[in-house]
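# next one to model:
(one chain, ligands or ions: 1)
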Amino acid sequence: MKKLKVAIIGAGQIAQVSHIPNYQSFHEEIEIMGISDTNLQTAKKVAEQFSIPMYFHNHIDMLEKVKPDLVSVCVPNRFHCQITCDALERGCNVLCEKPPAITVEEAEKMNAAAKEHHVLLSFGFHFRHSSEVAFLKDKIMNGDFGDIYSARVQWNRRRGIPGWGNFTNKEMQGGGPLIDIGVHMLDLAAYLMDYPDMDYVCATAHEKIGKRKGVGLMGDWNPDKFSVEDSLFGYIKFKNAASINLETSFALNMKEKDIRNVQLFGDKLGATVFPLETFGEDGNQLTNISYPFPVTEDLHYKSIANFVNACLGKESLIVTSEQAVYIQRLICALYESAETGKPVIM
Ligand SMILES: NC(=O)c1ccc[n+]([C@@H]2O[C@H](COP(=O)([O-])OP(=O)(O)OC[C@H]3O[C@@H](n4cnc5c(N)ncnc54)[C@H](O)[C@@H]3O)[C@@H](O)[C@H]2O)c1
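Residues are numbered from 1 along each chain as shown. Got it, this is the predicted structure:
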């Protein structure tokens, strides 16, 4: 069988720790043929390290020369849309890192380009690939939870402002914890609640801790260059009367170092996803059931594996570009509400 060709755009952290090694584990079916980065030295270094035959500083040159079947987009959020569309328009299947983009228009444009060019487009929402989520989704579809009328979505860090990269740069990333980490848990909740029609969204955002020097548990950040929210608290109301309470922070004065979870509340059962437990009643007893899933599951690997297998026609995509548009609408509405101080009617 002829191997499918892969190209990587952006040779930074996520490309090196996840995309490249995970694609290389599929060496029977695919081959990474090129890597591009606006920093040519980085592209060269990473190409040598991973034995990738060609490196480029311009992704268009790479797309034209390599003619890849699969492309990973691993650049700062600001460039997701343009670069993804450049690849889709050339007939490539694309796995773009999360978040989908910075604006709703961009996410819609990416979705439309994938449809127009009849190629696959997926996003790096790797938590969606966990066994816990697949198990819960089946139970929910089976009716075990009854009506899920509320969810609590959290990704809070006590002092987890990244001291590297672009994560505190609004122009490059579009925002802080909401668009970087909270988005993963929001994506899970929306998937498990089956994307209810949105009614309105309210949020408040704060820059209380990031703008001053402080203790860093994920490296030292530069308060003078901190241009994103350090926390955001939101409420999402759906037309079916269900709602989500959302909390996300890079820095918050709380006991735990890191809280990352989705809790679902249905009229028959409730659940917490990480770790997976369900809560209900049986006769006159309350029940708590825990499901010990493997702790070592590599979700980044599973995300790449699903994309590769979908491109090989063996599986359906788990994360679709329509779902990505939905999540982008929520993110942008939460930011808009935080900025204007008013609810956003959807
Ligand atoms: N799924 C996850 O959990 C996860 C984790 C980390 C990062 N990410 C996402 O991955 C993306 C990249 O993050 P990172 O941590 O690897 O950042 P990074 O800064 O380590 O790497 C980004 C690379 O892109 C290059 N670059 C910038 N503009 C470019 C362009 N126009 N064309 C080609 N290369 C360009 C930079 O030179 C840099 O080498 C972001 O969207 C981020 O949100 C996702």
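# what is the burial count for H118?
Using other C-beta atoms under 10 Å, the number of residues around H118 comes to 9. Heads up, the C-betas are built off the backbone N, CA and C, glycines and all.
# one more: the one 10 residues further on?
By the other C-beta under 10 Å criterion, the neighbourhood of R128 contains 24 residues.
# can you pull the contacts of it?
187-188, 191, 303, 318-319 (C-beta atoms under 8 Å, 6 or more residues apart in numbering).
# who's in contact with the spatially closest residue to F274 that is not a sequence neighbour?
Nearest non-adjacent residue to F274, counting by C-beta to C-beta, 6 or more residues apart in numbering: N261, 5.1 Å away. Counting by C-beta under 8 Å, 6+ apart, N261 touches 152-155, 185, 272-274.
# now go through these and say which are in strands.
Of these, the ones assigned to strands by DSSP state E are 152-155, 272.
# which two of those residues have the greatest separation?
Taking C-beta to C-beta as the measure, those span a maximum distance of 13.9 Å, between W155 and T272.
# out of those two, which sits in the busier spot?
Using other C-beta under 10 Å as the criterion, W155 and T272 rank with W155 on top: 25 against 16.
# name the SS class of the closest residue to that one other than its chain neighbours, please.
Using C-beta to C-beta, 6+ apart and skipping residues adjacent in sequence, the residue nearest W155 is I181, 4.4 Å away. Secondary structure, DSSP: H, G, I helix; E, B strand; the rest coil: I181 is helix.
# from the ligand, how far out is I181?
Using C-beta to the nearest ligand atom, to the nearest Å, I181 is found at 8 Å from the ligand.
# how about the residues of the protein by the ligand?
Applying C-beta under 6 Å from any ligand atom, we find that the chain lies next to the ligand at 9-15, 36-39, 42, 59, 74-77, 79, 97-98, 124, 126, 165-166.
# the chain: helices as residue ranges?
Along the chain, the stretches classed as helices by DSSP state H are 13-14, 20-24, 40-49, 59-66, 80-89, 104-116, 131-141, 170-173, 177, 183-192, 299-311, 321-340.
# pLDDT score for the residue of the chain found nearest the ligand?
As assessed by C-beta to the nearest ligand atom, the ligand sits closest to G12 within the chain, at 1.8 Å. G12 carries a pLDDT value of 97.
# mind listing what T38 touches?
Contacts here follow C-beta under 8 Å, 6+ apart; on that basis T38 touches H57.
# how is the chain carved up into domains?
Domain segmentation of the chain under automatic domain parsing yields 4-127+301-317, 131-294+327-345.
# tell me how many other residues surround E336.
E336 has 14 neighbours, counted by other C-beta under 10 Å.
# quick one on the thing from earlier: deepest in the core, which of the helices of the chain is it.
helix 177 (a mean of 27; mean count of other C-beta atoms under 10 Å).
# correct me if wrong: R212 contacts N222.
No. R212 is not in contact with N222 according to C-beta atoms under 8 Å; the separation is 11.2 Å.
# dump the helices of the chain into CSV; add distance to L286 as well.
Below are the helices of the chain laid out as CSV (distance: least, C-beta to C-beta, whole Å):
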stretch, distance to L286
helix 13-14, 42
helix 20-24, 42
helix 40-49, 53
helix 59-66, 55
helix 80-89, 45
helix 104-116, 42
helix 131-141, 18
helix 170-173, 43
helix 177, 34
helix 183-192, 22
helix 299-311, 31
helix 321-340, 33
